[in-house]
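S.K.: Okay, sequence plus prediction incoming.
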Amino acid sequence: MNKNKGLLLILSTAIISGFSVFVNKFGVIIVNPYIFTGLKNIIVALLVVTWLLMMKDWKILKKLQKNQWLMLLGIGLIGGSVPFLLFFKGLSMTSGVQAAFIHKTMFIYIIALAAIFLKEKISKNFLIAGLGLFLANILILKIFPSSFGLGDFLILSATIFWALENVLSKYLLKDLSAQIVIWGRMFFGSFFIILFWLITGQAHLVNSLNLEQIGWVMITSVFLFGYVATWYIGLKYVKVSEAAVVLLLASPITAFLSLIFLNEVLLINQFFAIILALLSILIIYSSYAKNKSISAI
């Protein structure tokens, strides 16, 4: 798989994320957020185990070195569990809009961390596209934070954890398949979340879910599986800093879906946000098209 196909997979991740956020709005309001997140992780972990068995990749687990096991455990801790718990706790202490803005700064931390630990260099075009998409997100959210409280700090901590996890995953993907890295994130992440349920006495809440709540968990789990599958497979062939920029497209997609299906009125800020997002996509496309033509010479 070449870099362009990897980019298409990351673009698919952004599209899936845009749809997922839209759908999750309906599910999270009727299910305890910790139970909601944990059950999705567990279901996806089971799907990934099935995937490994079908592809016979599970045999690779026997050959993993000790440091690889530790890094997979770390991915589950800092990517699949702790940041989710921090994020939802922070969300209960600050506004959803402010939390969304802080989360969208993740691409900045990824670019910095990838430059330090992976020696990645991001192109000027991708930086311009990233700033364009970030501004599009600000226009959609209609906010530029003027205050910063404990809840915001927890959201920021979760965002930095996710940035670290993405950089660590990119490092592991040099030697391991995407399926193994996904398994590490979802399996160990599920383990830590279940441990959190038990410590906080919330595990019994799983038995109290009704059919409607179970339905939302199942639907959103499909989106989560699609997200991690396309993201990690694509990440194997694309710089993590560039992938983080493309992922910023998710919010404009969610806003567009809200306009169509919730009959929301297109505001002037949303109009400019969509235009900025389209221009940013064109910049990214032109950058990859140029690289493809150069490599073909």
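M.R.: Structure received.
S.K.: contact partners of stretch 232-244?
M.R.: For stretch 232-244, the external contacting residues (CB atoms under 8 Å, 6 or more residues apart in numbering) are 1-3, 5-10, 12-13, 106-107, 110-111, 114-115, 118, 120, 122-123, 126, 130, 163, 166-167, 169-170, 173, 178, 181-182, 185, 231. C-beta coordinates here come from the backbone N, C-alpha and C atoms, glycine included.
S.K.: What is the distance between it and the centre of its chain?
M.R.: Counting by CA atoms, centre = their mean, to the nearest Å, stretch 232-244 is centred 12 Å from the centre of its parent chain.
S.K.: who touches stretch 88-98?
M.R.: For stretch 88-98, contacts defined as CB under 8 Å, 6+ apart pick out 33-34, 37, 99, 141-143, 145, 149-155, 157-158.
S.K.: among those, which are in helices?
M.R.: Counting by DSSP state H, those place 33-34, 37, 99, 141, 150-155, 157-158 in helices.
S.K.: closest to V217 among the residues you listed?
M.R.: Nearest to V217 among those: T37, at 9.7 Å, using CB to CB.
S.K.: Spatially nearest residue to the closest one, not counting backbone neighbours?
M.R.: F84 (5.0 Å; CB to CB, 6 or more residues apart in numbering).
S.K.: If any of the contacts of stretch 232-244 are buried, put those into a ChimeraX selection.
M.R.: For the buried members of those, the matching ChimeraX selection, counting by 16 or more other CB atoms under 10 Å, is:
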select :3,6,7,8,9,10,12,13,106,107,110,111,114,118,120,122,123,126,130,163,166,167,169,170,173,178,181,182,185,231
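S.K.: quick one: what helix or strand has I138 in it?
M.R.: Using DSSP states H and E, the element containing I138 is helix 124-141.
S.K.: L113: what's it in contact with?
M.R.: L113 neighbours (CB under 8 Å, 6+ apart): 163-164, 167.
S.K.: wait, G38 sits on W197?
M.R.: Yes. G38 lies in contact with W197 (CB atoms under 8 Å); the separation is 6.4 Å.
S.K.: Between those two, which is the more surrounded one?
M.R.: G38 (26 against 18; other CB atoms under 10 Å).
S.K.: how many other residues sit next to the nearest residue to the more buried one once chain neighbours are set aside?
M.R.: Nearest residue to G38 in three dimensions, chain neighbours excluded: I193, at 4.1 Å (CB to CB, 6+ apart). Per other CB under 10 Å, the neighbour tally for I193 reads 24.
S.K.: Look at I193 and tell me its secondary structure.
M.R.: Secondary structure for I193, judged by DSSP: H, G, I helix; E, B strand; the rest coil, is helix.
S.K.: Now for it: which residues touch it?
M.R.: Listed by CB under 8 Å, 6+ apart, the contact set of I193 reads 34, 37-38, 41-42, 80-81, 84-85.
S.K.: helix or strand for the residue nearest to I10 when sequence neighbours are not counted, which one?
M.R.: Closest residue in space to I10, ignoring its immediate chain neighbours: G234 at 4.2 Å, by CB to CB, 6+ apart. Following DSSP H and E, one finds G234 within helix 211-235.
S.K.: hmm, back to that, I'd like the contacts of L113 written out as TSV, with distance to G74 and secondary structure added.
M.R.: Shown next, in TSV, are those (distance: CB to CB, whole Å; DSSP: H, G, I helix; E, B strand; the rest coil):
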residue	distance to G74	secondary structure
A163	14	helix
L164	9	helix
V167	11	helix
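S.K.: will you turn the residues you listed into a markdown table that also has pLDDT and distance to G18?
M.R.: As requested, the contacts of L113 are exported to a markdown table (pLDDT from 0 to 100; distance: CB to CB, whole Å):
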| residue | pLDDT | distance to G18 |
| --- | --- | --- |
| A163 | 97 | 20 |
| L164 | 97 | 24 |
| V167 | 98 | 23 |
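S.K.: Which of the residues you listed sits closest to F271?
M.R.: A163 (30.5 Å).
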